[in-house]
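1. A structural model of the following input is requested.
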Amino acid sequence: MKTKNIIILFLIFMSISFELKSQDTKWTQVFKLDTFYFVGIDNPDTFYCMAVAGNDPFKRILKSTDGGNSWNYILIDSLNYEHDYLYKAPYDIAYPTRDFCVVSCDSNSLLRTRDGGKTWQEIRTYDLPYYYRGFFQISMVDSINGLAIAHSGLALTHTGFDSLKIIKLPNNYYIDCASLAAPNSICVVSEILKTSPRKNKFLRSDDNGNTWNEYDLPDFTYPNRLQFVDSLTGYLAGGKDSSLGDTEYDLVYKTTDGGKTWFNVLDTFLSRNPFGLQKLDFFDKDNGIIVGQFGTIIWTHDGGKTWIFDTSSKEMTVEYAPTLNVCYIRKDRAIICDFLGRIFISSDDTTDVADKEPKGADDYLLYPNPASNIVRIKTPLSDNITQKIFDSYGQEIEGIKQKRINENLIDCDVSTLPAGVYFVVFQNKEKVCSKPFVVLR
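-> Sure, this is the predicted structure:
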């Protein structure tokens, strides 16, 4: 790549970082034990929350009943090796009601409580072939309908895991992550193994896994976490190899039609996050938080239209944890537990930042986004603003037809562009900034 294009690419992503804004949320540490490795956290309402940690030779589950301010042990148990190489290390947790909670574990096993953690029952299935990490994710709609997720298959329940239906994907697809969009609706991000480059697929079944619809997905190296907030609206977070050393793209895609089509709502890269974004939790369609490795925290309060990069408090960044886990317990508070045995809660007055937008944040607008034919550009009233369009590799796109509507509105014809992510770079004497847009075909 020519030096000029490298500089352009750098400026694009730098301008995006400024455009996406940053915020220093106040986080308070409420728990710490160095020997803990927290792997999951979830909440059924604004007061109750459970977090699970696994560290040889014990697994531990903690519970809060006051919105995350204080925590108590409700389970301390050995990992109990079943075979020479399999054991019941916990990997994820789902806590849909105050009484019901289930923890997914290695060896294709589950831990379940129906009395708020007073007693626990182990559930084990031998009908699903074991693959690395066993049940590594869990998704619950309520205390009855749930999905245990392994790389080799799925275990669906409509009885709170009293009974299981084992489901194998068509063509033996490898499962990266999955989520229930409704009690009978299973959504899966998968890939075809032994292909280069990796080819991701989105599969959806609305009849308990009996039949499947298959759709193409954007290119992911690490599609790490999928969450549907209703039957149609879903978010997928992960990362993609940038071919620039250890640097990876942080990616977030969104669907509003149940997974038939996906559009990019975040595409940037951070050198400290080599495996992409890892966990996410949405309070509702608009308000969500996504975390990654080594302190990456990103908020949205408008359904992914804009993002706030959380620069975190000094206490959280004294030592960056290799893994973060998060739950959005109420609109003005999130809780994070990490791989260093720490639990943090955000302050009540810094989470919802919708009223703290900087003036002029919407001076530059692109719509519709995604687009297929015409993108309208709105700029401030000025004679000194220039705009150029670049692709994701930093190459300027020339020959785009532009039609000026009035002093600050321009229509750009993008009908000839291939599907992908593009950037409009604005420049005047004072600053350079950019806006991303997506072309769908």
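2. Just checking, which helix or strand succeeds the top strand by length along the chain along the chain?
-> Counting by DSSP state E, the longest strand found in the chain is strand 234-244. Tracing the chain C-terminally past strand 234-244 and defining elements by DSSP states H and E, one meets strand 247-255 next.
3. and that next one, what's its mean pLDDT?
-> Confidence over strand 247-255 (mean pLDDT, whole number) is 82.
4. helices and strands around that strand, which ones?
-> The elements that strand 247-255 packs onto, with contact taken as 3 or more CB pairs under 8 Å, 6 or more residues apart in numbering; DSSP states H and E, are strand 234-244, strand 263-270, strand 277-282. (C-beta placed from N, C-alpha, C; glycine too.)
5. Centre of the chain to it, how far?
-> Per CA atoms, centre = their mean, to the nearest Å, the displacement of strand 247-255 from the mean C-alpha position of its chain is 8 Å.
6. picking up where we left off before, by mean pLDDT, show me the worst of the helices and strands packed on strand 247-255.
-> Looking over the helices and strands packed on strand 247-255, mean pLDDT reaches its minimum on strand 263-270, with a mean of 75.
7. What strands line up against the strand or helix carrying V424, and which way round?
-> When secondary structure is defined by DSSP H and E, V424 falls within strand 420-427. Using DSSP bridges, strand 420-427 pairs in its sheet with strand 386-391 (antiparallel), strand 432-439 (antiparallel).
8. List the buried residues in the longest one.
-> Of all the residues in strand 432-439, those buried under the rule 16 or more other CB atoms under 10 Å are 433-439.
9. Would you convert these into CSV that also reports distance to I175 and pLDDT?
-> Supplementary listing: the buried residues of strand 432-439 in CSV, determined by distance: CB to CB, whole Å; pLDDT from 0 to 100:
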residue, distance to I175, pLDDT
C433, 40, 73
S434, 36, 75
K435, 35, 80
P436, 30, 83
F437, 32, 84
V438, 26, 82
V439, 30, 85
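10. Can you lay out the residues you listed as TSV showing distance to L147?
-> Conversion of the buried residues of strand 432-439 to TSV gives the following (distance: CB to CB, whole Å):
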residue	distance to L147
C433	42
S434	39
K435	37
P436	33
F437	34
V438	30
V439	34
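11. Out of those, flag the one nearest to L236.
-> When the buried residues of strand 432-439 are ranked by distance to L236 (CB to CB), V438 comes first, at 14.3 Å.
12. ok, and what's touching the one helix or strand I377 maps to?
-> Following DSSP H and E, the helix or strand that holds I377 is strand 374-378. Contact partners of strand 374-378, identified using CB atoms under 8 Å, 6 or more residues apart in numbering, comprise 363-369, 387, 405, 408-415, 424, 437.
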